[in-house]
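> Next come a sequence and a model predicted from it.
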Amino acid sequence: MARSCRSRCLVWEDVTVTLANGKKEKKNKCLVSGLTGLAESHRIMAVMGPSGSGKSTFLDALAGRLSPQASMAGKVLLRGGSPPPAGEKSYVTQEDVFLGTLTVKETLYFGARLRLPELTTAELDEAIDETLTKMGLEECADNTIGNWHLRGISGGERRRLSIAVEILAQPQVLCLDEATTGLDSAAAFFVVQALRNVARRDGKIVVCSIHQPTDDVFRLFDDLLLISAGEAVYFGDSQGAVKFFADSGFPCPTRRNPPDHFLRCITPEFDQVFAALKQTQRRNYVVSYLDIKQRPFSLPSLFLYLARRHGYRIPTDINCLKCNRNSQQQMG
Ligand SMILES: Nc1ncnc2c1ncn2[C@@H]1O[C@H](COP(=O)(O)OP(=O)(O)OP(=O)(O)O)[C@@H](O)[C@H]1O
């Protein structure tokens, strides 16, 4: 796919997250180790991996919302402009937390009032109507959300409402943890398609962890990051993963769903497979961003690499969303 020079990207470089153990004699636990890559605007990326592999931790690191016990090394940078970082990223958590007695529209209204205080009532109404349409929530706009004793909107609608609340604030980067968990395949398809539209039409960067997508849902993703035990096994074009596994000696059986096959291959029990894949990736996967990791890294060299690969203009300024575990200082 031809990539626009004007597209923005979120770059993460050598991101490692460790969990302090508390006891001197015990080693810190490494949750995510040396992840390097980028997510581009107008594209949607799936983060997949076995349960406990570090998907949520990675998304937390991207969004700068790691728990206080966790410390992060490495950098997460946004390039291509200089808006204030705080308003640039949004995070949709696994749980949908709402006031069950409010309607869908009221929820959006209160969220927008808090996050976009500068908008007039007319502008707010317009933004809410636009968001309802984008997320396919017009039909249930006046329905009560519901809770444990009050019947309300469906699970798929709740998920789309969680996303709607975040995209109303117009962040450049949207991170979602398990966007489709608990949904049937049709509802999951609708949610991911809505996210893909947000990426495509609004030029957002969308990064989303997902469990067991169907083939139809998987095909909606442009890029794929496969994580096992906190390390990247595959990073690149989502449709290229089938060929990558086949080239590495693990072809997907014709009647198996490709995402299921990838997960089956990279679960920790399949250690040998994992080691073989990593070896092959080092040897053969020419466009792997992990190559960046092999080099003595400096920020200009990463952008030179990107410039060569995608024809990006080299930025004169770089906004650092989050740096180093101790300093968390802004990069110039
Ligand atoms: N604050 C924490 N304290 C203790 N352990 C943690 C903490 N955060 C993460 N972990 C551990 O780190 C590992 C990765 O967790 P994470 O939630 O990132 O995995 P995941 O891939 O998102 O899993 P799932 O798909 O089941 O949600 C797990 O073993 C988890 O128990």
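That came through, no problem.
> Residue numbers of the stretch 201-332 of the chain in contact with the ligand?
The stretch 201-332 of the chain has no residues near the ligand, with proximity defined as Cβ under 6 Å from any ligand atom. From N, CA and C alone the C-beta is placed, and that goes for glycine too.
> Double-check residue 39 against residue 205; I have them as touching.
Yes - contact criterion Cβ atoms under 8 Å: residue 39 and residue 205 qualify, at 5.0 Å.
> tell me, what's touching the two both at once?
9-10, 173 (Cβ atoms under 8 Å, 6 or more residues apart in numbering).
> And residue 39 and residue 205? Which one has more around it.
The residue with more neighbours, out of residue 39 and residue 205, is residue 205; 27 against 23, by other Cβ atoms under 10 Å.
> Backbone dihedrals for the more buried one, both of them.
Dihedral pair for residue 205: phi -100, psi 120, per degrees, to the nearest 10.
> Equivalent analysis for residue 234, please.
Dihedral angles (degrees, to the nearest 10) for residue 234: phi -140, psi 140.
> gap between it and residue 220?
As for residue 234, its distance to residue 220 is 18 Å (criterion: Cβ to Cβ, to the nearest Å).
> quick revisit: can you lay out the shared contacts of residue 39 and residue 205 as TSV showing pLDDT, distance to residue 158 and neighbour count?
Formatted as TSV, the shared contacts of residue 39 and residue 205 follow (pLDDT from 0 to 100; distance: Cβ to Cβ, whole Å; neighbours: other Cβ atoms under 10 Å):
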residue	pLDDT	distance to residue 158	neighbour count
9	84	31	20
10	87	27	24
173	90	23	23
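> Run through the bridge partners of the most centrally placed residue in the chain.
For the chain, the residue nearest the mean C-alpha position is residue 207 (2.0 Å; Cα atoms, centre = their mean). With DSSP bridges as the criterion, residue 207 is bridged to residue 45, residue 175.
> measure it to residue 15 for me?
Computed with Cβ to Cβ, the distance linking residue 207 and residue 15 is 13 Å.
> again with residue 199
The spacing between residue 199 and residue 15, counted by Cβ to Cβ, is 22 Å.
> Also residue 51?
Counting by Cβ to Cβ - residue 51 and residue 15 are separated by 20 Å.
> okay, those two: which has more neighbours?
Neighbour count, other Cβ under 10 Å: between residue 51 and residue 15, residue 15 has more, with 21 against 8.
> which element is the more buried one on?
Taking DSSP states H and E as the criterion, residue 15 maps to strand 9-19.
> And the contacts of the helix or strand following that strand?
Sequence order places strand 29-40 as the next helix or strand after strand 9-19, per DSSP H and E. With Cβ under 8 Å, 6+ apart as the test, strand 29-40 has contacts from 3, 7-19, 21, 45, 54, 57-58, 61, 70, 74, 173, 205-207, 223, 225, 227, 230-232, 235, 289-290, 292-293, 306.
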